[in-house]
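# fold the following for me, if possible:
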Amino acid sequence: MTSTSPSRNSRYSAIPPAERLPSWIRSPVGNASELARVQGVVKQQRLHTICEEGRCPNRAECYAAGTATFLLGGSICTRSCAFCQVDKGQAPEPLDGLESERVAGAVATLGLSYVVLTAVARDDLADHGASLFTAAMAAIRRRTPAVAIEVLTPDFWGGHPGETEALAAQRQRLGAVLAAEPVCFNHNLETVERLQGEVRRGATYRRSLGLLAAARELAPHIPTKSGLMLGLGETRAEVIAALHDLRRADCQRLTLGQYLRPSLAHIPVDRYWRPEEFDELGAVARDLGFADVRSGPLVRSSYHAGAELRP
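Below you'll find the predicted structure:
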């Protein structure tokens, strides 16, 4: 197995941080015992969560609210996105046939009410990881059928030389995941169109918008969701243009958060957007018709996930 960790091999390593973290970047204080309990179960079951792999600042808060985001397909991603903490490599681990059952066991043990399933990009697999989602959803429902499950997927793209064939294959993979009836389908745009090539290597802006639009066409009863990180060099006008594009794809839920550089090996922060700017962009998004908007410096893709389902 070969893995290329961004901390060991990156053209960003020599770029120093632009400034200290501003005063409003403060991780919420969570329940330490709950954090330790969830981490213990995840470690015991030999699982991965994006909460831990991505060092999410909100993980204690989410754990206490009965929510966690499990990372399927191992801990090595076949893409090389410049912002992501997850290890990169073109030879990921072999699939673990018991992963879905262990995820289901962890969900039951922790008494979770809302689960988000995400995955590393597995471009090495014939279905690009679609079956990882369907297997995990089925296993969870066998154990705890009342749990609500959201999926946060890669773009399921690749494996075919022609555009028409690749689109058909992507649609088939997407259809399989939607047929398993998640309560929400999430796919992140991550950044504005101009910065896609630098930030999201292997993905494209239009392809992601197309995936979200296809999800609405294939399963109009399932809400779609997407997210943007701010602070990578985008302008306010570019962010608003991306929001318009998401609405044209009939995306209904939105997260906007501040990019925080995981290490010196990752793409640097261009600037820290102020809380009032996040509030203003959130208001713009609501005016555009997004049904649910989470906008703030520490907001992440799964922040307050499922809140709209709770009384």
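# quick one: Leu256 is in a strand?
Yes: assessed with DSSP: H, G, I helix; E, B strand; the rest coil, Leu256 lies in a strand.
# so for stretch 295-303, what gets flagged as buried?
By neighbour count on 16 or more other C-beta atoms under 10 Å, the buried set for stretch 295-303 is Ser295, Gly296, Pro297, Leu298, Val299, Arg300, Ser301, Ser302, Tyr303. Any C-beta I mention is one placed from the backbone N, CA and C, and that applies to glycine too.
# let me fix that, I meant to ask about stretch 207-217.
Residues of stretch 207-217 classed as buried by neighbour count (16+ other C-beta under 10 Å): Arg207, Ser208, Leu209, Gly210, Leu211, Leu212, Ala213, Ala214, Ala215, Arg216.
# swap in stretch 108-120?
Residues Thr109, Leu110, Leu112, Ser113, Tyr114, Val115, Val116, Leu117, Thr118, Ala119, Val120 are the ones in stretch 108-120 that count as buried (16+ other C-beta under 10 Å).
# hmm, back to that, keep only those of the buried residues of stretch 207-217 that are in helices.
When helices are assigned by DSSP state H, the members of these inside them are Arg207, Ser208, Leu209, Gly210, Leu211, Leu212, Ala213, Ala214, Ala215, Arg216.
# helices along this protein, start to end?
Here the chain has its helices, by DSSP H, at 32-44, 50-53, 59-64, 99-110, 130-143, 163-179, 196-199, 205-218, 236-248, 275-288.
# what helices or strands is the fourth one leaning on?
Spelled out, that is helix 99-110. Packed against helix 99-110 by the contact rule (3 or more C-beta pairs under 8 Å, 6 or more residues apart in numbering; DSSP states H and E) you find helix 32-44, strand 67-72, helix 130-143.
# mean pLDDT lowest where, among those?
Of all the helices and strands packed on helix 99-110, the minimum mean pLDDT falls on helix 32-44 (a mean of 61).
# one step back: between the buried residues of stretch 108-120, which is closest to Thr191?
The closest of those to Thr191 turns out to be Thr118 (C-beta to C-beta; 17.7 Å).
# who's in contact with that closest one?
Applying C-beta atoms under 8 Å, 6 or more residues apart in numbering to Thr118 gives the contacts Ile50, Thr69, Phe70, Leu71, Leu72, Val151, Leu152, Thr153, Ser301.
# make CSV out of those residues and add distance to Phe185.
Listed next are the contacts of Thr118 as CSV, based on distance: C-beta to C-beta, whole Å:
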residue, distance to Phe185
Ile50, 16
Thr69, 15
Phe70, 16
Leu71, 17
Leu72, 15
Val151, 6
Leu152, 9
Thr153, 7
Ser301, 12
